[in-house]
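**Q** need the 3D shape of this:
(3 chains)
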Amino acid sequence: MSSKTVNRRISKTVIYILLFVLSVIMLVPFVWMVTASLKLNKDIFIIPYTWFGFEPRWQNYIDIWTKIPLAKYAANTVKLTIIVTILQILTSSFAAYAFAKLNFRGRNILFLAYIATIAVPWQVYMVPQFIFMRKLGLADTHLAIIILQAFSAFGVFLMRQFYEGIPDSLCEAARIDGMSEYRIYAKIMLPLSKPALSTLVIFTFVNTWNDFLGPLIYLTTDSKKTLQIGIKMFISQYSAEYGLIMAASVLSLIPVLVVFMALQKYFVAGITTGAVKG
Amino acid sequence: MKKRLLSTLIATTMIAASLSACAGSAAPAAEAPAAEAPAAEAPAEEAKTSEEAPAEEAPAEEAAGDEAVTLKWALWDKDATVYYQPLIDGYTAAHPNVTIEMVDLGSTDYQTVLGTQLSGSDASFDVVTIKDVPGLVTLANKGVLEPLDELIAKDGIDLSVYSGITDQIKVNDTLYELPFRRDIWVLYYNKDVFDKAGVEYPTNDMTWEEYDEIARKLTDTTPGAEVYGAHYHTWRSTVQLLGVLDGKHSIIDGSYDFTKPYYDMVLAQQADGVCMDYATLKTQGLHYSAAFYQGNIGMMNMGSWFIPTLIEKVKDGEAAAAANWGIVKYPHAEGVEPGSTLATITALAIPTSAPNKDAAWDFVKFVSGSEGADIMAGTGNTPAMSSEAINSKIAEMDGFPTDANSKDALTAANAYLEMPANEKSSEIETVLNEQHDAIMNEISTVDEGIAAMNEGVSAILGQ
Amino acid sequence: MSNDTADIQVTKTKARMARERKRAMVAYSFIAPNFLGFAIFTLGPIILAFVMAFTEWDGSNPMKFVGIKNFTELFKNDRFTASLENTLKYSLFTVPLTLVCALALAILLNQKIKGRTFFRTVTFFPYVASLVAVAAVWNMLFTPGKGGLMNQLLMNVFHVAPLKWAASPNTVMLTIILFSIWKNMGYYMVIYLAGLQGISEDLYEAASLDGANSWQKFLYVTLPQLKPTTFFVSVMLTISCFKIYDIVYMLAGGSNGVVNKSAIVLVFYIYEEAFRNWKLGSASAAALILFAIVLVITLIQFRGEKNYAND
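**A** This next block holds a predicted model:
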């Protein structure tokens, strides 16, 4: 017994040392962002880099609000991100249920077609897609960005893979009880898929939040632009204000981290346990 | 069984496609009833509609005289560029019926966004800014720019004021843009570095050998306290293009042996610590302005666009270590007239799909003409139309070096475009950039790099 | 497929057929909201892009049908073949290495340890942090000169000559591979973390009763149960490796954004063709080749998953 506790203690220590080293490696870019955001532009790309002991330049955090309409851009980004994430969650989990738990003709082919299209680089169909969207009168609208982001194959794929892991017997039992497929989806599958839904929310949120090229191509009116376009505005033809870029990037990272930390708590086991017993 | 699956899939797609087609014709922006694949049809229809466009939109164009017109102007760096608003104000003061709306497409991906926006037929820009010559060539080849020759002839515009630049930007013998800004390359230097080393300031008449000698005198390789006699940004133009300044060679020749002396000079400087190492500069991503502000760089060749930025940064203190700067003309090869230099231009063009072409042309004439040039100079930027008066105006600006040489340096005896127009500009540029990188990284020797350029560009030109 | 064959053997009564039709309709109704949006706005343009592969088009002038000329031209172009080779090389190393790192991380961070939220967030960090920042830190560590941390390590600990990393054609792909694993493993860790939650405690308990040690539990419970997740991760990883673009631009592009043959990748080539040269047909042809490769790999992976499902 006691040797087991010793063993456990050693392995715990090893794990913590590992995690510590790992965190340092992973955190360096963040520390760099924060320190760079407090520097003059000319001091940022100088080697050796000064990590501490310089006079912080808080002015950067004031300038970003006055040099560009950052608040407006942030509001646009928040709006787009929330709408896209909700739509993505609803439509993907809905479609994924059919791909994972229902038998129908063309299921595999349709599914493969879904996945395979993820492989096509956007750069290739960007131009015809843009011409098409403009024909529909959607150029320079937020709706265009929502449409482009909300119906991706990625979410369907992710959710389908998670549903695959949930035993079929569960659905069969519910069907025998006379539940409709819609109710099975709503009452059994959705509650069971919290970890996967959290993952999808995180990824969709991050992707939409950080999307740059899409809004850049589609949104030309100033008042409609997004945060990432705004950040890039600090890179002009003849100069690049990296101090300001980093200040804005640090701020824009906060919502992403909040969402991540809030949702990662759903990554807890025990869900399927209950299900199998039931 | 499999066939059925496939047909289901195709059927679904078709339904989807026709649905989208319905939506397309319902939308107000759609001009033509779309068929099954609306986007595919688009380009074909484009060609037709764009020919008819002028006739249809005639009423709008007549309005150029007195009725209200709004011109959409595609540009980049709307807020960071000081002359857009003065140019607009200057124009609308004389034409109160015209409103000009700036559309900022961003600097970094400008060419991509503009190209995409101008694809298809219903782009709505009246005036577009053209960033560089490869950009001009691709748009002209795409057929989305109005040829300007007739308009120029009709209005009797004198192109000689552009000192030969307009001849270098013709695509298939046609002029598609009028330049309004021209930047020339000069040699910036930090007087403090010279004073400290006890070296005399550079002059407007130096050979490259003299320049190399001065750079070496300024250099101090003490670790931790390095002083670099020269600095070359990672662009190929800082080294490769020095070779075209004798006027005998062009960068689209297909033969690049003339670049050898300059590569040899810079590589030797790099080896001796006279300038920073290319590989480090590239991975580090150090901007040339940040490098110059450190105050340990003696001389740096760069375009005149850096002047307003430098003045501003000296004022706000960021460039304090380089506050005593000056400029001189580019050094020259033995036997070449001093003041031969490189130039880049920024120009305006009118898309074929522009809704208000006449009004747009009037605005383009204003910006690239003498009134526009005067406004440009007032903001410290060099207009395409150069004259003694305009150079004086820039030199009088607060913060511009007060020595006579710096003012004289603004006058170029000969200005060669960094990249003259050629149908294959952008492909040639890729080869040249690639080999520049290989030579500067010392992956290839100068001879190997030049051989690869000769071969690569000849292959492109031979296509 | 096996279900379909079984169905044929059963004599179909009208009632059964009606029920089947109803079931299919239900299934389609689930898929429709996502699929319609997807088909109209994404699939349509993609199919068009594939048609474009056989044409010459600059986005404005009328399309010209040229048959397979784009493809034959591509294989004559050494920039394209270099990009294909680099992409394959990159994917071959990055996919398995990232997958293993992500899984190891997920298992580590799935344990009940103090500060779990913190560690999980930290791991996800390089993925969400600004690419400029991540690349700047990376370049600091991997500076080609003698000052970089990695080169110091090489010289002082391993006593080997310093490397030029991203600046040399021999090591640039290595640098990109290492960078990409570091940046992306947190992302795939999150997916594995979600997948791990789907494994029933009961299975582990049963394995414990059979006297299995931790390693055996991992081999016989965790790994098989994670198969759907691994399928997802490996497919997504493959796809994203084949579509790598911005990392290469950041690490090897320099100020003029030109990438040498030693580091050019497929999507970079596609971007060049499409937006520098406006040869959309040629860009589409390159994309079609990329698509075909990924499709074949995905099919193989899909087979692997199905085999498991039939077990």
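**Q** tell me where the stretch 1-150 of chain B has strands.
**A** With DSSP state E, counting those that start in this stretch, the ranges of strands along the stretch 1-150 of chain B come out as B:69-75, B:98-104, B:127-130.
**Q** contacts for the last one?
**A** Residues lying outside strand B:127-130 but in contact with it, judged by C-beta atoms under 8 Å, 6 or more residues apart in numbering or on different chains, are B:71-76, B:114, B:118, B:136, B:139, B:145, B:177, B:346-351, B:354, B:360, B:363-364. C-beta coordinates here come from the backbone N, C-alpha and C atoms, glycine included.
**Q** keeping just the C-alphas, turn that strand into CSV.
**A** The C-alpha atoms that make up strand B:127-130 are tabulated as CSV, following Å, rounded to 0.1, in the frame of the first residue of the first chain:
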residue,chain,number,x,y,z
VAL,B,127,-11.7,55.2,-59.3
VAL,B,128,-9.1,52.7,-58.2
THR,B,129,-5.6,53.3,-56.9
ILE,B,130,-3.0,51.0,-58.4
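**Q** ranges for the helices of the stretch 151-278 of chain A?
**A** According to DSSP state H, counting those that start in this stretch, the stretch 151-278 of chain A carries its helices in the segments A:153-164, A:168-176, A:181-183, A:190-192, A:194-210, A:213-218, A:227-232, A:242-263, A:271-277.
**Q** about what we covered before: any chance of the strands of the stretch 1-150 of chain B in a markdown table, plus distance to B:Ile169?
**A** Rendered in a markdown table, the data for the strands of the stretch 1-150 of chain B read as follows (distance: least, C-beta to C-beta, whole Å):
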| stretch | distance to B:Ile169 |
| --- | --- |
| strand B:69-75 | 18 |
| strand B:98-104 | 23 |
| strand B:127-130 | 9 |
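**Q** mean neighbour count, these: which tops it?
**A** By mean neighbour count, with neighbours taken as mean count of other C-beta atoms under 10 Å in any protein chain shown, strand B:127-130 ranks first of the strands of the stretch 1-150 of chain B at a mean of 26.
**Q** most proximal residue of the stretch 51-200 of chain B with respect to chain C?
**A** Distance from chain C to each residue of the stretch 51-200 of chain B (C-beta to the nearest C-beta) is smallest for B:Ser119, at 3.6 Å.
**Q** need phi/psi at that residue.
**A** phi -70, psi 150 (degrees, to the nearest 10).
**Q** thought it was touching A:Gln129?
**A** No. Using C-beta atoms under 8 Å, B:Ser119 makes no contact with A:Gln129, being 10.7 Å away.
**Q** the lengthiest helix in chain A near chain B anywhere?
**A** What stands out as the longest helix in chain A, according to DSSP state H, is helix A:2-36. No. Judged by C-beta under 8 Å from any C-beta of the partner chain, helix A:2-36 stays clear of chain B, getting no closer than 12.1 Å.
**Q** that helix: which residues count as buried?
**A** Buried positions in helix A:2-36, judged by neighbour count with 16 or more other C-beta atoms under 10 Å in any protein chain shown: A:19, A:22-23, A:25-30, A:32-36.
**Q** can you pull the contacts of residue 79?
**A** As the question left the chain open, I've gone with chain A. A:Lys79 makes contact with A:His142 under the criterion C-beta under 8 Å, 6+ apart.
**Q** other chain: chain C
**A** Counting by C-beta under 8 Å, 6+ apart, C:Arg79 touches B:Thr430, C:Lys261, C:Ile264, C:Tyr269.
**Q** all set, thanks.
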